[in-house]
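A.B. asks: Everything below, folded, please.
(4 chains)
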Number of protein chains: 4
Amino acid sequence: MTDMAELPDEPTGWMSDRELQHVRGQLPVVYVNVIPVRISPMGKVTNVGLLLRAYDGAISRAIVAGRVLYHESIRDAIVRNIEKDLGIGALPQVPLSPTPFAVAEYFPSKGAGPFHDSRQHAVALAYVVPVQGPCEPSQDALDLTWLSPEEAASDDVAAEMAGGQHHLVRQALAHCGVLL
Amino acid sequence: MTDMAELPDEPTGWMSDRELQHVRGQLPVVYVNVIPVRISPMGKVTNVGLLLRAYDGAISRAIVAGRVLYHESIRDAIVRNIEKDLGIGALPQVPLSPTPFAVAEYFPSKGAGPFHDSRQHAVALAYVVPVQGPCEPSQDALDLTWLSPEEAASDDVAAEMAGGQHHLVRQALAHCGVLL
Amino acid sequence: MTDMAELPDEPTGWMSDRELQHVRGQLPVVYVNVIPVRISPMGKVTNVGLLLRAYDGAISRAIVAGRVLYHESIRDAIVRNIEKDLGIGALPQVPLSPTPFAVAEYFPSKGAGPFHDSRQHAVALAYVVPVQGPCEPSQDALDLTWLSPEEAASDDVAAEMAGGQHHLVRQALAHCGVLL
Amino acid sequence: MTDMAELPDEPTGWMSDRELQHVRGQLPVVYVNVIPVRISPMGKVTNVGLLLRAYDGAISRAIVAGRVLYHESIRDAIVRNIEKDLGIGALPQVPLSPTPFAVAEYFPSKGAGPFHDSRQHAVALAYVVPVQGPCEPSQDALDLTWLSPEEAASDDVAAEMAGGQHHLVRQALAHCGVLL
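C.D. replies: Next up is the predicted model:
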């Protein structure tokens, strides 16, 4: 697939598009990355939710992702970005601890690391978040698919993800004790 | 308060009391330690549940604790011990990851470390577990009290806990971003 | 003590002071926070290093802290900021994992959380880093003091720290199994 | 390869072989599992050390592993087992925090989970430990090989490991930010 902007665009707030674009060339931007999962009553991951996004003519799978806004707490950013991507009925179990299970460093130049975003240097705090309610793809997502852990970690699905996010999906599953 | 057996006794299963007592003098025993909490919809700890136990005439506060049985998974041990201490209506959110937030090493000799259990060397995997349902003290617990994070971390409550478990309560709160 | 800018100023690079000041009012800035420690051969924390900083006429103790620069990896930012604050002889043991033990969210408005920075919203990834070589306070630090874990966690030292960083020192010690 | 005892035998101490065998059928045994690594000055894993073991006519690769003894701290068990398997010149960087990056639950019956040990139910606390000195295979290990992270995570090497330990090697690499 073609290379594309891996982290989604966002409705701008108090910063103009032009200004955000300028800032993105000057310092790293804070993101949250969320791997939405369905779990069993015993806490085991049964499904991983991946979004289908279109960008510049290419289609790719993606996790929930978005910026942390000025004066927004990480917990608030997690909930807002889940609602943005999965709808307000998702009912996320917000993490008890604000410490991420991993940090993904997206660099604008290719080859600088496993994660890549052509538009910016983003430092993404990554969380696995169980969602219990009905989810529907919103905004710019075309679809939402619930995959088994095996499918989500497969090479086929990896090939459909952009920016190295398949690494984060696999890291998330390993973190949850799903060993493939 | 007097020193007492910090980790609760348990209904014996396939091992006789005498045999268990023998084994306890020979190798470390695997425990789970659970700090039960109530949380807000945003994942913030609002209350910490502490049990009131009587032992040998002394009364002390304690967290949920119990052995991991032969061929029992850690997740199963967490749920079984929560049901044992808080009743079957507790509805625990079983941790996504089997990795504990801390490991508490209870030694039988005093001064060997912050945690102490006069009967045994126990290696306890510690988890913070939100419970959503009604809880009632069961078995040998006299009462269950829901304290605010501030109360739970206070010196007064620490003085009422045995075996160094107040350290684990404070570690759990720090892990959840409750900074006191 | 008076309230002051908790995270240190930095020699500006490709961004002008005026520009950085402008950006700081618009989106969160990525920092690393490092608690430098001396350890025993068995990995136990024996001392915690705290800097003495002067700012606007007030003096306070502080941990190592600094921004992550554009296109800089977290590991590089950790080493650069340690060298900036402790000198190039510090010989840090760079963390094996880029996942922080905690995330400190500094908000510019007081009371928004335990961490505060009057100039900006900073999201700081926090690490405990053993340093083995000789350290000397550099740049704007007046002094560097090695305290015992007990001293570092004491209320007296807490009162000498700004921005809530005493919380992070205590969290770091709890994370390392130093239970006080 | 044939299935074999995955966790190594150990020189018995105060417990007779017969007694240990008896206990192993009655309660879970506490182990430490250590993935020894060589690291760059920047903390990046450059090599993973795997032992070559012979057992019952089969040969397999293994990580450093051993029981936690009665009244032994986890830190002491880590160091003792590294010295047992890699020699006393290994110079391990003992983990700052006693909290493991993962817990591996070895069950005696196959299919009960990703980890298997035919002799016992073992709960293993897993650590990644950099070693800086010269290492030599000792005791029952035939050889020690330093593999690149890519080799260590490969399917070929996985096929040469017993008891599911290849899962732990991959989890360890993911934990260290080595994404493959």
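
A.B. asks: Could you double-check that residue A:133 sits in contact with residue A:90?
C.D. replies: Yes - Residue A:133 sits in contact with residue A:90 when judged by Cβ atoms under 8 Å, with a separation of 5.2 Å. Every residue, glycine included, has its C-beta placed from N, CA and C.

A.B. asks: pLDDT on the lengthiest helix in chain A, on average?
C.D. replies: Ranked by residue count and defined by DSSP state H, the top helix of chain A is helix A:74-86. Mean per-residue pLDDT for helix A:74-86: 96.

A.B. asks: Just after that helix, pick out the following helix or strand.
C.D. replies: strand A:102-107 (DSSP states H and E).

A.B. asks: Is there proximity between that following strand and chain C?
C.D. replies: Yes - residues of strand A:102-107 contacting chain C under Cβ under 8 Å from any Cβ of the partner chain: A:102-103, A:105, A:107.

A.B. asks: which of these count as buried?
C.D. replies: A:102-103, A:105, A:107 (16 or more other Cβ atoms under 10 Å in any protein chain shown).

A.B. asks: Make TSV out of the residues you listed and add distance to chain D.
C.D. replies: Shown next, in TSV, are these (distance: Cβ to the nearest Cβ, whole Å):
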residue	distance to chain D
A:102	8
A:103	8
A:105	9
A:107	14
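
A.B. asks: So which of these is the closest to residue D:164?
C.D. replies: Within those, distances to residue D:164 taken as Cβ to Cβ reach their minimum at residue A:102, with 22.3 Å.

A.B. asks: Tell me how many other residues surround residue A:174.
C.D. replies: 24 (other Cβ atoms under 10 Å in any protein chain shown).

A.B. asks: what residues are up against it?
C.D. replies: Residues in contact with residue A:174 (Cβ atoms under 8 Å, 6 or more residues apart in numbering or on different chains) are D:170-171, D:174-175.

A.B. asks: Verify the assumption that it is located in a helix.
C.D. replies: Yes - according to DSSP: H, G, I helix; E, B strand; the rest coil, residue A:174 belongs to a helix.

A.B. asks: what's the longest helix of chain A packed up against?
C.D. replies: strand A:29-39, strand A:64-67, strand A:122-130 (3 or more Cβ pairs under 8 Å, 6 or more residues apart in numbering or on different chains; DSSP states H and E).

A.B. asks: part of a strand, is residue A:54?
C.D. replies: Yes - assigned with three-state DSSP, residue A:54 falls within a strand.

A.B. asks: Please report the distance of residue A:50 from residue A:114.
C.D. replies: Counting by Cβ to Cβ, to the nearest Å, the separation of residue A:50 from residue A:114 is 18 Å.

A.B. asks: Could you check the helix or strand of chain A with the lowest mean pLDDT against chain C for contacts?
C.D. replies: The weakest-scoring helix or strand in chain A, judged by mean pLDDT, DSSP states H and E, is helix A:17-24 (a mean of 76). Yes - on the criterion Cβ under 8 Å from any Cβ, helix A:17-24 is in touch with chain C at A:19, A:23.

A.B. asks: Now do that helix against strand A:29-39, angle only.
C.D. replies: Helix A:17-24 runs at 90 degrees relative to strand A:29-39, counting by axes from the mean of the first three to the mean of the last three Cα atoms, to 10 degrees.

A.B. asks: So which bits of helix A:17-24 are buried?
C.D. replies: Buried residues in helix A:17-24, counted by 16+ other Cβ under 10 Å: A:20, A:23-24.

A.B. asks: for residue A:166, what are its contacts?
C.D. replies: Applying Cβ under 8 Å, 6+ apart, we find residue A:166 in contact with A:157-158.

A.B. asks: do the same with residue A:65
C.D. replies: A:7-8, A:31-34, A:81, A:85, A:124.

A.B. asks: Now the two most distant members of these.
C.D. replies: A:85 and A:124 (14.2 Å).

A.B. asks: what does chain A put close to chain D?
C.D. replies: A:102, A:114, A:164, A:167, A:170-171, A:174-175, A:177, A:179.
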